Structures are given as C-alpha cells and as structure tokens.
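Asks: Turn this into a model:
(chains A, B, C and D)
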Protein chains: 2
Amino acid sequence: MGEVVSINAGMRGPEAEARCAACPARRSGLCAAADTGSELACRLGGLSERVTLEPGDVLVRQGDAARHVFAVVAGTLKVTRVMADGRAQISGFLSGGELLGLPGMECGTYVYEAVALTRTSVCRFNRDRLVVLTDDFPAVRRRLLAMTAGELAAAQEQMLLLGRKSAIEKVASFLLQLQAKAARRGVGGTRVQVPMSRAEIGDHLGLTIETVSRCVSKLKTAGSIRLVDTHTIEIRDPTALSELAAAA
Amino acid sequence: MGEVVSINAGMRGPEAEARCAACPARRSGLCAAADTGSELACRLGGLSERVTLEPGDVLVRQGDAARHVFAVVAGTLKVTRVMADGRAQISGFLSGGELLGLPGMECGTYVYEAVALTRTSVCRFNRDRLVVLTDDFPAVRRRLLAMTAGELAAAQEQMLLLGRKSAIEKVASFLLQLQAKAARRGVGGTRVQVPMSRAEIGDHLGLTIETVSRCVSKLKTAGSIRLVDTHTIEIRDPTALSELAAAA
DNA sequence: CGATCCCTTGACGAGTTTCAAGTGGCGTGG
DNA sequence: CCACGCCACTTGAAACTCGTCAAGGGATCG
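Replies: Numbers count the residues shown, from 1 in each chain, chains lettered A, B, ... in the order given. This next block holds a predicted model:
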C-alpha cells in the first residue's frame, strides 16, 4: 500500500492545455464546462496537477486536511469510511469524469479514505483556488453544483439499496449500475468489467464476501449472467436483473 | 394527506425583509450568507415565497418537475424514496435551516417525495432564479455548495449506518443524531423531541417498526434513555449511546 | 512445488423480519 | 360519562435471511 506515486506538476499554459486536450475525461467531468482554447480551459489546466496512482495507493486519508478536490481521469477509486472496530463502508466507486473531495469542504478534513483500485490518474485542484475560479466562471460553478447534486441523488439511491433491498437485489442493482456507468463513459455492451474484489463489493453493498459470492453464483445458475472470469461479467438477461433490482 | 396549504407569495421589498428578519432560520440556512438590510437580503427575500404545511401535507412528489428549491424555516419534513412494491427509504429528516431540492437538479424532476411531519413552514425559491442570483453573489453560491457538500457527508455517514451497523447501533446513532441536530438549532439539553413515528424511524434506519420498538425498549431497560412519552426521549447515558453508535 | 491470495461452497447459528396478539391513549358517539 | 373503535406502539413466538466459521479449489508468484 503505497502513497501517491507520480505527480506531474507545475505545468504552464501550452503544456497543460495539451494535456487537457488529450484527457479522456475532457467532455464528461468538471472540465466539460470549458471550451478548448478558452481562457477558462487555460486557467483550469494551470490550476491542476496530474497524479498517477498504482492499485492500492492511497489518495486521501480519513482525517487529512482537505486541501484538494480531485477529478478522476481514468481508472477507478474506492471511497471508504472505516469505523473504529474496522467495519468499512464503501460509499462509492469513482471512475473517469467523477469528482472527489466536495464533502467535508466545510469541516476542513476528509471524512473518508480514497484508494486506487486499478492504475488510476486524477487531476488535483487546489480547493481554495478552484473556489476562486468559480467566482469568474459561472459555467464551472454550475457544473460543480450539478455534479454534486447528482452525487447526492446517487447517494440517496444507495441508501434505498442498503436499507431496503435483499442481498440478491443489491447485487443485481450493482451489476446494472456498473453497466450503466461504463456505458456513460462510452464503454457500452453486455460485458462489464468488475475491477473490485468481492470484499469491496460487499463493503459497498453492506454484505459479506460470502453472500456476494453466493448471489453471483445464484444469478449465474439462473442464467441472468455469465462469468467470463471473476472480474468480467456478461449480462445475459438484463430484464431479469432489472426486475430484481426493482428500482424506483 | 393534503397538498400545500397556504402560500404567502408575491411580497415585495419591505414586507419580505420584515418576514426574513423574523425568520428563525435566518442565521443557519442559506440566508446566513446575507447581511440584514443588504441588497442580497432584499433580493433573496423577493425571490422567495413562504409556504405552510400541515402534518401529512406533500411538498414535492416523486416525478414532479423540479422547479423549486426549498429552505426549511421551522418544523420537520421527511424525504422519502419509494420502490414500486411499496418499500420505502427515508433518506433524511429536514428541520430548520436545511435545504431541499438540490439533487435532481440536472434530471429536471424530483426523485423523492417530501412530506411534512409536523406543522412546517418553508421558503420556496424558483430554482432558475436562484441560480441566476448566485451569479451576482459569491457568498450565496459558496454557502449553497458548502451545504450540499455537508449533505453529501451526512449521506455517506448514513450509508455506513445502513450498511454496517446493527439494529441497536442504528437506533443509538439516530437518537444522538437527533440530539445533535436539535442542539445546532439551539434546542440543547438531554430531552429530545422525536416528531417521527416508529414506522418512519424504521424507514430511515432500514429496520421494521417492531425492531425499532424493541431496540428502544432495550435502551430503556439498560437505563441509557428514558421515555418521557413516545415522542420525547430523555438521554440519560450519552456515553453508553456513543459507544453503541461507534461512529467513525 | 509450495505458499498465498481470492473466490466458492457448505453447515450452522445469530439477528432481524414476519406474523400475531395485546396494551394504552384518544376521539367519537351513545 | 363511559363504551367503543381506532391507531400507534409494544411484546412474544416462529421463520428466514444473512453472517460466521470452516474447508476446498484455482490462479499467481516466488
């Protein structure tokens, strides 16, 4: 379990813009608010540092001073809260285009831990300077507010899942969620990459590793899914899964 | 189950300001960003309509067009998501100073239902005009972002509770949460008002009404709490509750 | 080739839900 | 004024889901 591995900092103007132009999260994340070549794009680029993480690397630690906001460029992070006795709850998995670091802005410290699941790269923004930037650019602050609002809606959805769904419903919902998220990033199709371990899925769904495994097996036996390998699942019967997920 | 009961709309300048000056949420909610008598205070006041709700009145319905943002002035609302088969999850209870209506801002419809628990009054802001207002007033948008970020942190806390805590831990946490919230509104002390029914507590904690009742009885027998009446609880041993709550 | 890690599967038991009955407060109507 | 019904809450017993404990399989790595 290492720390941040490589930081590609202090770029100026053209360098930063070149980096942003090639960014896979260019159109989906916070930066979707900025037109390429605009003054805003320039300032956003100058404000950010690119950070690369290896699997297991810790990006933020529970209790650290909250000085940055992060935008995931590629890869996947898990956001975890840990109780004193070790019980953990993964509030979410973040992938390309998503934002990390808004909650806890007022209390000043991160109230969760963020760890890379896969090789991951993120853009790091100084929190205060980002806030100042929003003063000049309405598009950025609207995007920021909209994204945070979206996260809140997702959090409420997750509460419904945690509080009111059975184990198999939770797993079915989770798989569909993974598929939908992948599709939003342009990786459509029936094959879904599952970068997280069974333990991490369990910590996200409020289940044990064994129950997750059993539910996956049950869905497999029912013919709703097929396991290409442990971390690749093919969705064969989306309708059956949807019925189990039984959303809103 | 009625609808919105009374709307006190269309006030201008002095009228609105007088109403705001007397508002109990004046210093805690969104409006804490505005100094009394300032231009901002004037515009905020002019933008808002006061709505009064009786217990059971529905403020927003799942699926309605999301045209407004609400600030709770006094009273308590519950925010619920309902599944097709009737299972419900209350994502939160809102009281004085809290905000409703941010999530779902992008998708355009409310994805939850908000119902008054007690006689409640709220300030209703047109969503679009509020957004425009943030263009002119950095203080408002920072407050808005900070409040949303705070809500997100609370949502994550609730996920930890739902996913990883036992029934008795959930109930203990909930009671402490109620006390803390009351204290923040200036209603300190060991007696806590519990405006919600056992069923509503259950829908918030992911438990059945019977389990909630049993846990309350257990805490009573243990001497940690005392029931003044079903909706007023005296916290006798906060330490014991905290140990059960076993937070962060 | 053994060690380790992660996942799967089985058996058992605890905790929670479900089902059912009982209590107490409160408003209504006789 | 009291009987009655209604509703919310409480309590008990049985059923069930899921967690715990334990063992085994398969992949990866030294």
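
Asks: what's the spacing between the residue most central in space within chain A and chain B?
Replies: Chain A has residue A:94 as the residue nearest its centroid, 0.7 Å off, counting by Cα atoms, centre = their mean. For residue A:94, the distance to chain B (Cβ to the nearest Cβ, to the nearest Å) stands at 13 Å. Yep, even glycine has a C-beta here, placed from its N, CA and C like the rest.

Asks: how about the helices of chain A, start to end?
Replies: A:13-21, A:39-47, A:127-136, A:138-164, A:167-184, A:198-205, A:209-221, A:238-245 (DSSP state H).

Asks: how about JSON lines for those helices, with mean pLDDT, distance to residue B:47 and mean neighbour count added?
Replies: Output for the helices of chain A, formatted as JSON lines (pLDDT from 0 to 100; distance: least, Cβ to Cβ, whole Å; neighbours: other Cβ atoms under 10 Å in any protein chain shown):
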{"stretch": "helix A:13-21", "mean pLDDT": "70", "distance to residue B:47": "37", "mean neighbour count": "15"}
{"stretch": "helix A:39-47", "mean pLDDT": "79", "distance to residue B:47": "28", "mean neighbour count": "18"}
{"stretch": "helix A:127-136", "mean pLDDT": "86", "distance to residue B:47": "21", "mean neighbour count": "16"}
{"stretch": "helix A:138-164", "mean pLDDT": "92", "distance to residue B:47": "17", "mean neighbour count": "21"}
{"stretch": "helix A:167-184", "mean pLDDT": "97", "distance to residue B:47": "34", "mean neighbour count": "20"}
{"stretch": "helix A:198-205", "mean pLDDT": "98", "distance to residue B:47": "40", "mean neighbour count": "22"}
{"stretch": "helix A:209-221", "mean pLDDT": "98", "distance to residue B:47": "48", "mean neighbour count": "16"}
{"stretch": "helix A:238-245", "mean pLDDT": "96", "distance to residue B:47": "39", "mean neighbour count": "16"}
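
Asks: near DNA strand D, which residues of chain A?
Replies: Within chain A, the positions lying close to DNA strand D (Cβ under 7 Å from any atom of the strand) are A:166-168, A:206-208, A:210-211.

Asks: 6 Å - rerun?
Replies: For chain A, the residues in contact with DNA strand D (Cβ under 6 Å from any atom of the strand) are A:166-167, A:207-208, A:210-211.

Asks: Compare the helices of chain A and give me the one nearest residue B:52.
Replies: Set against residue B:52 and scored by Cβ to Cβ, the helices of chain A come closest in helix A:138-164, at 25.9 Å.

Asks: what's the angle from that closest one to helix A:167-184?
Replies: Interaxial angle of helix A:138-164 relative to helix A:167-184 (axes from the mean of the first three to the mean of the last three Cα atoms, to 10 degrees): 160 degrees.

Asks: Now do the contacts for residue A:93.
Replies: A:76-79, A:117, A:195-196, A:204 (Cβ atoms under 8 Å, 6 or more residues apart in numbering or on different chains).

Asks: Let's see that with 6 Å instead.
Replies: Residues counted as contacts of residue A:93 (Cβ atoms under 6 Å, 6 or more residues apart in numbering or on different chains) are A:76, A:78.

Asks: ok, what's across the strand from it?
Replies: Here residue A:93 sits in beta bridges with residue A:78, going by DSSP bridges.

Asks: Please report how far it lies from DNA strand D.
Replies: Separation of residue A:93 from DNA strand D (Cβ to the nearest atom of the strand, to the nearest Å): 19 Å.

Asks: Likewise for residue A:70?
Replies: 28 Å.

Asks: Residue A:82 now?
Replies: Distance from residue A:82 to DNA strand D, counting by Cβ to the nearest atom of the strand: 16 Å.

Asks: Surely that residue touches residue A:89?
Replies: No: counting by Cβ atoms under 6 Å, residue A:89 is not a contact partner of residue A:82; they are 8.1 Å apart.

Asks: For these two, indicate the residue with more neighbours.
Replies: Just comparing residue A:82 and residue A:89: by other Cβ atoms under 10 Å in any protein chain shown the higher neighbour count belongs to residue A:89, 26 against 17.

Asks: thought that one was touching residue B:163?
Replies: Yes: at 4.6 Å, residue A:89 and residue B:163 qualify as touching, with contact defined as Cβ under 6 Å.

Asks: hang on, the earlier thing: out of the residues of chain A next to DNA strand D, which one sits closest to residue B:240?
Replies: Comparing these against residue B:240 with Cβ to Cβ places residue A:208 closest, at 27.8 Å.

Asks: Run a quick neighbour tally on that closest one.
Replies: Residues lying near residue A:208 (other Cβ under 10 Å) number 14.

Asks: So chain A: which segments form each domain?
Replies: A:6-154, A:165-245 (automatic domain parsing).

Asks: and the helices of chain A as JSON lines, adding distance to DNA strand C?
Replies: Formatted as JSON lines, the helices of chain A follow (distance: least, Cβ to the nearest atom of the strand, whole Å):
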{"stretch": "helix A:13-21", "distance to DNA strand C": "33"}
{"stretch": "helix A:39-47", "distance to DNA strand C": "36"}
{"stretch": "helix A:127-136", "distance to DNA strand C": "33"}
{"stretch": "helix A:138-164", "distance to DNA strand C": "8"}
{"stretch": "helix A:167-184", "distance to DNA strand C": "11"}
{"stretch": "helix A:198-205", "distance to DNA strand C": "4"}
{"stretch": "helix A:209-221", "distance to DNA strand C": "3"}
{"stretch": "helix A:238-245", "distance to DNA strand C": "16"}
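
Asks: Go through those helices and name the closest to residue B:245.
Replies: Checking these against residue B:245 by Cβ to Cβ gives helix A:138-164 as the closest, at 17.3 Å.

Asks: Tell me which other helices or strands that closest one touches.
Replies: Contacts defined by 3 or more Cβ pairs under 6 Å, 6 or more residues apart in numbering or on different chains; DSSP states H and E place helix A:138-164 against strand B:88-95, helix B:138-164.

Asks: May I see those arranged in JSON lines, with distance to residue A:179 as well?
Replies: Supplementary listing: those in JSON lines, determined by distance: least, Cβ to Cβ, whole Å:
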{"stretch": "strand B:88-95", "distance to residue A:179": "23"}
{"stretch": "helix B:138-164", "distance to residue A:179": "21"}
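
Asks: out of those, nearest to residue A:33?
Replies: Nearest to residue A:33, of all the helices and strands packed on helix A:138-164, is helix B:138-164, at 14.3 Å by Cβ to Cβ.
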